[in-house]
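[1] Sequence and predicted structure are below.
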Amino acid sequence: MITNLDNILKEHLVYPESKNLQQRGIADKIEERCNLIIKQNFPDVADPRSRRSIEDITIGDTYVDHKSSDEALEFKMPNLISIDRLINLDKPLVYNFIIYNSENKTIVKNFSLSVYELNWDHLSIQNLGKGQLQIKNMKEFLKNPKSSMSKDAWLQRLKAEAIVFYDRLIKKTQDRKKLWMSL
């Protein structure tokens, strides 16, 4: 399914009309176009379950979340998914990365990876909600996005990173509490 998705989008996805649009508006148009192309080329497609769903579209039994990135921007740290939601996934999750250039008005490339294929060298868990899996630096991630880890090894790394994240959070919270207690 991933290879099919990549090939179909490479063939049909074009940079949208973007006059007077900011970065998020351009990204929204690109992601809407991805959904339209998917609906035209795949059977058994479903829209997201809600506004807060992890998926932008579902193909068969697989959630697909589009992550668009403007290579003309200097630095990006995109959020991916809450680690709480990640450990409770009920279906496979694929990220469809669309790299575009707003200065040249082009789609540079697109590729898809299972969440368990994302390279941990470029991931971190940040303090948002119960912990948010995030790409540390999109430009660096794009140089080597795919992990060679098995799904089980990837999940073990997630567990280890989550424990380190929560230990740091406990320490920060204790330090903040001490500050308030000293007032």
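    Sure, I can see it.

[2] So which elements touch the helix or strand containing residue 38?
    Using DSSP states H and E, residue 38 maps to helix 23-41. Judged by 3 or more CB pairs under 8 Å, 6 or more residues apart in numbering; DSSP states H and E, helix 23-41 is in contact with helix 2-12, strand 57-59, strand 62-70, strand 93-101. Just so you know, the C-beta spots here come from the backbone N, C-alpha and C atoms, and that holds for glycine as well.

[3] Now do it against strand 62-70, angle only.
    140 degrees (axes from the mean of the first three to the mean of the last three CA atoms, to 10 degrees).

[4] gap between helix 23-41 and the chain center?
    The chain centre lies 15 Å from the centre of helix 23-41; the measure is CA atoms, centre = their mean, to the nearest Å.

[5] which residues touch that helix?
    5, 8-9, 12-18, 21, 45, 47, 56-57, 59, 64, 66, 68, 70, 73, 96, 98, 100, 102, 107 (CB atoms under 8 Å, 6 or more residues apart in numbering).

[6] on that earlier part again, and the helices and strands packed on helix 23-41, which one's lowest on average pLDDT?
    Across these, helix 2-12 has the smallest mean pLDDT, namely a mean of 91.

[7] Dump the C-alpha coordinates for it into PDB.
    Extracted in PDB, the C-alpha atoms of helix 2-12 (Å, rounded to 0.1, in the frame of the first residue of the first chain):
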ATOM      1  CA  ILE A   2       2.800   2.400   0.900                       C
ATOM      2  CA  THR A   3       4.600   2.000  -2.500                       C
ATOM      3  CA  ASN A   4       1.200   2.400  -4.300                       C
ATOM      4  CA  LEU A   5       0.500   5.600  -2.300                       C
ATOM      5  CA  ASP A   6       3.900   7.100  -3.100                       C
ATOM      6  CA  ASN A   7       3.700   6.300  -6.800                       C
ATOM      7  CA  ILE A   8       0.100   7.700  -7.200                       C
ATOM      8  CA  LEU A   9       0.900  10.900  -5.400                       C
ATOM      9  CA  LYS A  10       4.200  11.400  -7.400                       C
ATOM     10  CA  GLU A  11       2.200  11.000 -10.600                       C
ATOM     11  CA  HIS A  12      -0.800  13.300  -9.700                       C
END
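
[8] Okay then, goodbye and thanks.
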